[in-house]
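>>> can you look at this prediction? I've put the sequence above it.
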Amino acid sequence: MKRTIALLLIAASLGFALPTLQGTRGTDFVSSARCENMGYLWFYMASEGYKDHVIFQDSAGVVQNTYDNWAAKPVVSLGFTPWHYLEFSAYGSGYFYMNVDPSAMTYGLTDVGGHVKGSIPFTPLDKPLSIAVGLDGFFLMSIPFELDAGANQTMSQYLGYYPFEEAGPEFGGKLLFSLESQYISAHLNGGYWYRSVHNFGPDSTVSYPQTIIGGFAIESSPLKWFNLFAEFNLNYGLPMGSPQASLTGISTHASAGARLPVYLGPNFAFMLHVGGGADPMDFTATSSLYAGLGIGGDLIRPKEKLIEGLVKDAETGQPIEGARIELSGDLIDTVFYSDSTGRFTLPELMEGDEINATKEDYHPEAVTAEEVGEALTLTIAMDSIKESFIAGIVADAETADPLRAVVSFHDIETGEVLPSISSDAVTGYFRTKIEPATYRMKTKAPGYHEDHTTLTIGTAENKMVDIFLTPEEKPKPVELKPVTITGFGRGHSEVGFEQMAQLEKVAELLEENPDATVVITGHTDSVGSDGVNLQIGRRRAEAVAGYLLMRGIKVTRMQIATGGERYPVGDNRYRSGRRANRRVELVFSREASEKISEGVLRPPTRK
């Protein structure tokens, strides 16, 4: 029984009393192959209570007596990790025994010890999945310390041995293997425990066997503050050829429990622990419950990882002063600026952080924490914004006179149409900023044919393009033939229905040709005196002009004249000739200043 108690004490000190800010290393009696963080110091207090069913038999195997012994084992351990790969601890425990029927009890401090553990990680310590092997060396010294010799002697009748008679040193070592992640971890231990000679009673010496020890554990931390574990330990005591050796053969122990780490700051925490265990081979023989409180902190705070950065011009390599460096993430949102040498300093990056660099006249740049990785230096190369311009003059292709025109650009690749610009009306000059691309340039002005030009704008290019527009050809004016209005009665000048029908066509003609003017001349036959006939001719011309004025033809476009009987077109000796001579002639012109041609007022004739 004492061998089992000592094993539990060693395993609890080495495997469990390892609270860290990230969780425990190991479980109750199975050690993790990893050490604590460098500089970590912990103090652990626990107490185990267990029941031991003791059976006394004679040489024939007949059961003589059975007793139910209860025991309490307080334990205290102190550990320190000076390096990520090396760990030390020291511990001490006391025992308290009590028999139920008949009543008896005893107590005393009996065991002190310690351990040294080394770890070799196969993966970086800060990776999500950690694989490591380790070597754990331990020692134990059982010290006889009797507080009540009479009670001890009485209790030995029910334990089967005298617990405080005499003891010696014990030591051993274990090989460790661990596979750890945030949510589930596994540990495997195997080793050897060397036992010294113990004297039980005044006339008997019993040699404890040398023991092969092993264990396997699984733990899970679904939450940062909650850890569950289960484990199984198997020990095999070697007889070593001595008939006096006891406690040989296989012994087992299984346990499970929960641990609740409580964080009191970035480098300090304590942990509550409860669990229970039993012997799977005989649950009625030994069962136990235990609880503990561990407290620890990091004495050597890790040096903050600072990232030294440089902002430079991507083309020239020159440092950029005053660049705005914005660090944004779930836990931080801070702005820094580069100094005169382009340098800046950032704190350690967390997953999801992003660095955004901005500077006037430069394109912004962004870098993620994943792109930086484990590097402690960062160079941000920023591309300068290089503006391009296009300028030129729009002029008349024939006269070279400057023109006011509308200029537009159509990006051939993207299909985007840029806002139009206008050339100056006096100089014909235009200029605008434009992004590098290939464009179709369109220039148009009223009265000119459109110009279409394809051109490519390069980076930081100032392109000059002069556009000469060809005037549109003016259509030849429609020839306006003279019109003669007839049907006037002898001595009459009124416009009747016959004349109105003819004048409607004249009005439409003048509306379609707004630049045309008309000379309206009235004529008569030879009946009557010349003076009277001149007046009648004038009244006929005025009547026609009045009708056209009523139709909307401006008076400024009409000129009135009279020819009387002086310009006959028919023979006045006959009635048909006289009817033809009673007329009004309309002669059209494109120039308002054009005078009546000689063909309009001919020399007088007489027929």
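That came through, no problem.
>>> give me the buried positions along stretch 555-567.
Judged by neighbour count (16 or more other C-beta atoms under 10 Å), stretch 555-567 contains these buried residues: Arg557, Met558, Gln559, Ile560, Ala561, Thr562, Gly563, Gly564, Glu565, Arg566, Tyr567. Every C-beta, even on glycine, is put in place using the N, C-alpha and C of the backbone.
>>> and the furthest pair within those?
Greatest spatial distance among the buried residues of stretch 555-567 (C-beta to C-beta): Arg557 and Glu565, at 27.8 Å.
>>> where along the protein do the helices fall?
In the chain, the helices defined using DSSP state H lie at 2-11, 149-159, 369-372, 497-512, 530-550, 575-581.
>>> now do the longest one against helix 497-512, angle only.
Computed with axes from the mean of the first three to the mean of the last three C-alpha atoms, to 10 degrees, the direction of helix 530-550 lies at 60 degrees from that of helix 497-512.
>>> how far out from the middle of the chain is helix 530-550?
Distance of helix 530-550 from its chain centroid, counting by C-alpha atoms, centre = their mean, to the nearest Å, is 92 Å.
>>> could you dump that helix to PDB, C-alpha only?
Only the C-alpha atoms of helix 530-550 are listed here, as PDB (Å, rounded to 0.1, in the frame of the first residue of the first chain):
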ATOM      1  CA  ASP A 530     -49.800 105.900-118.400                       C
ATOM      2  CA  GLY A 531     -50.000 107.800-115.100                       C
ATOM      3  CA  VAL A 532     -53.200 106.000-114.100                       C
ATOM      4  CA  ASN A 533     -51.700 102.600-115.100                       C
ATOM      5  CA  LEU A 534     -48.600 103.200-112.900                       C
ATOM      6  CA  GLN A 535     -50.900 103.800-109.900                       C
ATOM      7  CA  ILE A 536     -53.000 100.700-110.600                       C
ATOM      8  CA  GLY A 537     -49.800  98.600-111.000                       C
ATOM      9  CA  ARG A 538     -48.500  99.900-107.600                       C
ATOM     10  CA  ARG A 539     -51.800  99.000-105.900                       C
ATOM     11  CA  ARG A 540     -51.700  95.500-107.300                       C
ATOM     12  CA  ALA A 541     -48.100  95.100-105.900                       C
ATOM     13  CA  GLU A 542     -49.200  96.400-102.500                       C
ATOM     14  CA  ALA A 543     -52.200  94.000-102.400                       C
ATOM     15  CA  VAL A 544     -49.900  91.000-103.000                       C
ATOM     16  CA  ALA A 545     -47.400  92.300-100.300                       C
ATOM     17  CA  GLY A 546     -50.200  92.800 -97.900                       C
ATOM     18  CA  TYR A 547     -51.400  89.200 -98.300                       C
ATOM     19  CA  LEU A 548     -47.800  87.800 -97.700                       C
ATOM     20  CA  LEU A 549     -47.500  90.100 -94.700                       C
ATOM     21  CA  MET A 550     -50.700  88.600 -93.300                       C
END
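>>> got the buried residues for it?
Using 16+ other C-beta under 10 Å as the test for burial, helix 530-550 gives 533-538, 540-545, 547-548.
>>> packing partners for it?
Contact analysis of helix 530-550 by 3 or more C-beta pairs under 8 Å, 6 or more residues apart in numbering; DSSP states H and E lists helix 497-512, strand 517-523, strand 558-564, strand 583-589 as its packing neighbours.
>>> correct me if wrong: Trp85 contacts Arg34.
Actually, residue 85 is Tyr. It isn't Trp. No. Taking C-beta atoms under 8 Å as the definition, Tyr85 is not a contact partner of Arg34, at 9.0 Å.
>>> who touches both of these two?
Common contacts of Tyr85 and Arg34 (C-beta atoms under 8 Å, 6 or more residues apart in numbering): Ser119, Pro121.
>>> between the two, which is the more surrounded one?
Arg34 (28 against 17; other C-beta atoms under 10 Å).
>>> isn't the more buried one up against Ile131?
No. Assessed by C-beta under 8 Å, Arg34 is found out of contact with Ile131, at 9.5 Å.
>>> quickly list what's touching both of those two.
The contact sets of Arg34 and Ile131 overlap at Pro121, Ser178, Glu180 (C-beta under 8 Å, 6+ apart).
>>> bridging residues for the second one?
In this structure, Ser178 has beta-bridge partners Ala132, His187, where bridges are defined by DSSP bridges.
>>> please apply the same query to Ala254.
Going by DSSP bridges, Ala254 forms beta bridges with Phe232, Ala278.
>>> was I right about it contacting Gly276?
No. Using C-beta under 8 Å, Ala254 is not in contact with Gly276; the gap is 9.7 Å.
>>> quick check: neighbours shared by these two?
Contacts common to Ala254 and Gly276, judged by C-beta under 8 Å, 6+ apart, are absent.
>>> end to end, how far does stretch 359-366 reach?
12 Å (C-alpha to C-alpha, to the nearest Å).
>>> before we move on, the earlier item: now render the helices and strands packed on helix 530-550 as TSV, adding mean pLDDT and distance to Val30.
Output for the helices and strands packed on helix 530-550, formatted as TSV (pLDDT from 0 to 100; distance: least, C-beta to C-beta, whole Å):
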stretch	mean pLDDT	distance to Val30
helix 497-512	91	111
strand 517-523	94	120
strand 558-564	93	123
strand 583-589	94	121
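>>> and these, which is most packed in?
When you average the neighbours per residue for each of these (mean count of other C-beta atoms under 10 Å), strand 517-523 leads with a mean of 24.
>>> mind checking which of the helices and strands packed on helix 530-550 is nearest Arg575?
Of all the helices and strands packed on helix 530-550, strand 583-589 sits nearest to Arg575, with 14.8 Å by C-beta to C-beta.
>>> who does that closest one touch, helix- and strand-wise?
Packing partners of strand 583-589 (3+ C-beta pairs under 8 Å, 6+ apart): strand 483-485, helix 497-512, strand 517-523, helix 530-550.
>>> for these, which one sits closest to Arg590?
Arg590 sits nearest to strand 517-523 of all these, at 7.9 Å, using C-beta to C-beta.
>>> so what does the closest one touch, helix or strand wise?
helix 530-550, strand 558-564, strand 583-589.
>>> just the C-alpha atoms of that strand, please, in CSV.
What follows is strand 517-523, C-alpha atoms only, in CSV (Å, rounded to 0.1, in the frame of the first residue of the first chain):
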residue,chain,number,x,y,z
THR,A,517,-36.1,88.4,-100.3
VAL,A,518,-38.6,89.3,-103.0
VAL,A,519,-39.3,92.3,-105.4
ILE,A,520,-43.1,92.6,-106.1
THR,A,521,-43.9,94.5,-109.3
GLY,A,522,-47.4,95.4,-110.5
HIS,A,523,-48.3,95.6,-114.2
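>>> noted, bye for now.
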